[in-house]
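1. the sequence and its predicted three-dimensional model are supplied below.
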Amino acid sequence: MSTTSSKDWFVLFTKPRSEKKLAELLIRDGIEAYCPVQIQYKQWSDRKKKVETPLLPSMILVRLEETERDRVFNRKQALRYLYWLGRPATVSTKEVEGLISMAEDTTFEKHGLEKLKPGETLDMTKLGFEQVEGTVKFVNQRECWIILKHLGYLVKFKRTKA
């Protein structure tokens with residue numbers, strides 16, 4: 001990742017299942033925080049419920065000055081920052097905006113997953129990633145897995161039931 005500017009988005013590791021709570025607490029503390037979520041349907045023996053689950057398990061994004069990074073550790077749910085090549089990893093504002101728009105937009109569901117084929121390369125800049133190509137790993141009528149090799153991630157898209 002690039003060198004940090006005055007206010008960058010940093011990746012903060014959280015305690016398990018504390019992502020949304022920590023983001024809320026940090027926002028109350030005056031720190032810009034974002035926990036990307038996805039809607040999932042959970043089935044119990046007696047009911048089915050729509051729940052929001054974090055898109056990045058045990059991680060949230062925080063935006064603050066390099067010199068203020070330690071402020072997040074006033075909360076017990078904050079563990080440590082993600083590092084890349086010996087420096088705190090940063091995420092560009094454009095990438096965060098892409099995550100936000102992807103979470104709020106249902107256009108992915110409107111496009112047919114079945115049109116994608118394993119091994120196909122996708123331009124991920126349309127989703128807000130800068131100069132990142134994704135390779136389709138797996139696809140069926142309900143989900144698609146895309147490998148973002150340069151970021152070291154496997155992104156899974158799932159179609160929710162209408």
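-> Alright, I've got the coordinates.
2. can you list the weak-confidence ranges in this structure?
-> 1-6, 102-116, 125-132, 149-153, 159-162 (pLDDT under 70).
3. hmm, try it at 50
-> 1-5, 107-114, 162 (pLDDT under 50).
4. longest helix of it?
-> helix 93-104 (DSSP state H).
5. how about that one: buried residues?
-> 95, 96, 98, 99, 102 (16 or more other CB atoms under 10 Å). Every residue, glycine included, has its C-beta placed from N, CA and C.
6. so the second one sits against residue 61, correct?
-> So that's residue 96. Yes. In this structure, residue 96 is within contact of residue 61 by CB atoms under 8 Å, at 6.0 Å.
7. need the residues touching each of those two.
-> 9, 34 (CB atoms under 8 Å, 6 or more residues apart in numbering).
8. please tell me how far the residue sitting furthest away from the middle of the chain sits from residue 53.
-> Most distant residue from the mean C-alpha position of the chain: residue 46, 31.1 Å away (CA atoms, centre = their mean). According to CB to CB, to the nearest Å, residue 46 and residue 53 sit 20 Å apart.
9. likewise residue 61?
-> Distance of residue 61 to residue 53, computed by CB to CB: 16 Å.
10. tell me how far the residue nearest to residue 37 when sequence neighbours are not counted lies from residue 35.
-> Using CB to CB, 6 or more residues apart in numbering and skipping residues adjacent in sequence, the residue nearest residue 37 is residue 52, 4.3 Å away. Using CB to CB, residue 52 is found at 9 Å from residue 35.
11. common neighbours of the two, please.
-> residue 20.
12. tell me the domain boundaries of the protein?
-> Per automatic domain parsing, the structural domains of the chain span 1-92, 106-162.
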